[in-house]
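[1] can't give you the sequence, but here's the structure:
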């Protein structure tokens, strides 16, 4: 029984045994050196199996020591993680002075990128032809934007049309929903690995040719929090294709404009009634109430627009299999036999 063990002798012998095991264990790096350009997307450096086994045994032994002795502090401080490669720096420019749609100052950010116009990421509420408006996360450059529904599964990946729009010499590959807690993001796809510190959950890199790039998000200690590669994007596409899309309202262009304006006006009126100030479509209000006010006003605006859609008595159609019947439709769709549905995250933004 434990009460009968000479704890001092047991402690000394056990620690001597653990030190001997540690000397026999293979040497390992204190921190992972990061991905290499030539490594395949699924390749990761792993600890040797013998090291993992010894670590498990040591952990079990440490529990026994704790039962009969006082716990001793760990004097081995963790080594700070530093990504390999070349840093591609983003600049946090703060709240944008203006935007294309109504947004909250706390849900929008202007980001500086070398060689490009300022990039703006913002959360907005827009009417896209359904039964109610949708909350979207948009990335904008030089007046063009690409948006994706908030809450959609999978990585939010897009790339700008900077070259075609004659605003920069390179397009930007953008990851707009980098996992929370990520301190670094690496991007491998060309001749070198790039890395950066994301801003407001967004990472941006010069787009390399093709679609074989691999991006990995890391915590400050080097723990992988998420990655984007061909496999993750293929899985997101498959999940999207297996999901039923909301039905579209069979409305005219004039009706769509009315519902879009009603979305903006009802959201703005609600925000102002709650104490927000709106300038150039960016709403600001006293600190501490932004998130709750935005959530409440989004719900109110959705209810207002939904009621108007019902009052119009419009019909709906499945965008994958059906077509609008109006001679002047607000949205033209192709059925599933002639098009392939893909998440907005894989489409170029601003095109």
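    In hand now; what should we look at? This one's a predicted model, so the numbers in the text were calculated from it and none came from an experiment.

[2] residue ranges with poor pLDDT in the protein?
    Applying pLDDT under 70 to the chain picks out residues 1-79, 334-351.

[3] Show me where the stretch 101-250 of the chain has its helices.
    Along the stretch 101-250 of the chain, the segments classed as helices by DSSP state H, counting those that start in this stretch run 230-241.

[4] if you go through it in chain order, where are the strands?
    Secondary structure of the stretch 101-250 of the chain (DSSP state E, counting those that start in this stretch): strands at 103-104, 108-113, 119-126, 134-141, 144-149, 157-159, 172-175, 184-188, 193-196, 203-206, 214-218, 224-228, 248-249.

[5] How is the protein partitioned into domains?
    2-68, 86-241, 248-338 (automatic domain parsing).

[6] so how far does the second one reach from one end to the other?
    What it means is domain 86-241. This stretch, domain 86-241, spans 37 Å end to end (CA to CA, to the nearest Å).

[7] buried ones in stretch 107-119?
    Across stretch 107-119, burial judged by 16 or more other CB atoms under 10 Å covers 107, 108, 109, 110, 111, 113, 116, 117, 119. For every residue, glycine as well, the C-beta is placed using N, CA and C.

[8] possible to save the domains of the chain as CSV with distance to residue 80?
    Formatted as CSV, the domains of the chain follow (distance: least, CB to CB, whole Å):
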stretch, distance to residue 80
domain 2-68, 8
domain 86-241, 8
domain 248-338, 32
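
[9] Just say which of those is most tucked in.
    Mean neighbour count (mean count of other CB atoms under 10 Å) peaks for domain 86-241 among those, with a mean of 19.

[10] So what's the gap between it and the chain middle?
    Centroid separation for domain 86-241 versus its chain: 7 Å, with CA atoms, centre = their mean, to the nearest Å.

[11] can you check stretch 247-263 too?
    29 Å.

[12] Surely residue 277 and residue 286 touch.
    No - the criterion here is CB atoms under 8 Å, and residue 277 misses it with residue 286 at 9.8 Å.

[13] Which helix or strand contains residue 278?
    In this structure, residue 278 sits in strand 277-279 according to DSSP states H and E.

[14] most residues in a single helix of the protein, which one?
    Using DSSP state H to define each element, the chain has its longest helix at helix 290-312.

[15] Other residues contacting that one?
    Helix 290-312 is contacted by residues 104-107, 125, 127, 131-133, 135, 249, 251, 255, 258-259, 262-263, 266-267, 270-271, 274-276, 285 when judged by CB atoms under 8 Å, 6 or more residues apart in numbering.

[16] which residues touch the closest residue to residue 93 other than its chain neighbours?
    Using CB to CB, 6 or more residues apart in numbering and skipping residues adjacent in sequence, the residue nearest residue 93 is residue 110, 4.0 Å away. Residue 110 makes contacts with 93, 94, 95, 96, 97, 118, 119, 120, as judged by CB under 8 Å, 6+ apart.

[17] My guess is the third one contacts residue 111. True?
    Read it as residue 95. No - with contact defined as CB under 8 Å, residue 95 does not count as touching residue 111 (11.5 Å).

[18] so what's the closest residue to residue 122 other than its chain neighbours up against?
    Nearest residue to residue 122, sequence neighbours excluded (CB to CB, 6+ apart): residue 108, at 3.7 Å. By CB under 8 Å, 6+ apart, residue 108 lies in contact with 95, 96, 99, 120, 121, 122, 123, 282.

[19] shouldn't residue 92 be in contact with residue 111?
    Yes - if you go by CB under 8 Å, residue 92 and residue 111 touch, sitting 6.7 Å apart.

[20] Name the residues contacting each of these two.
    199, 200.
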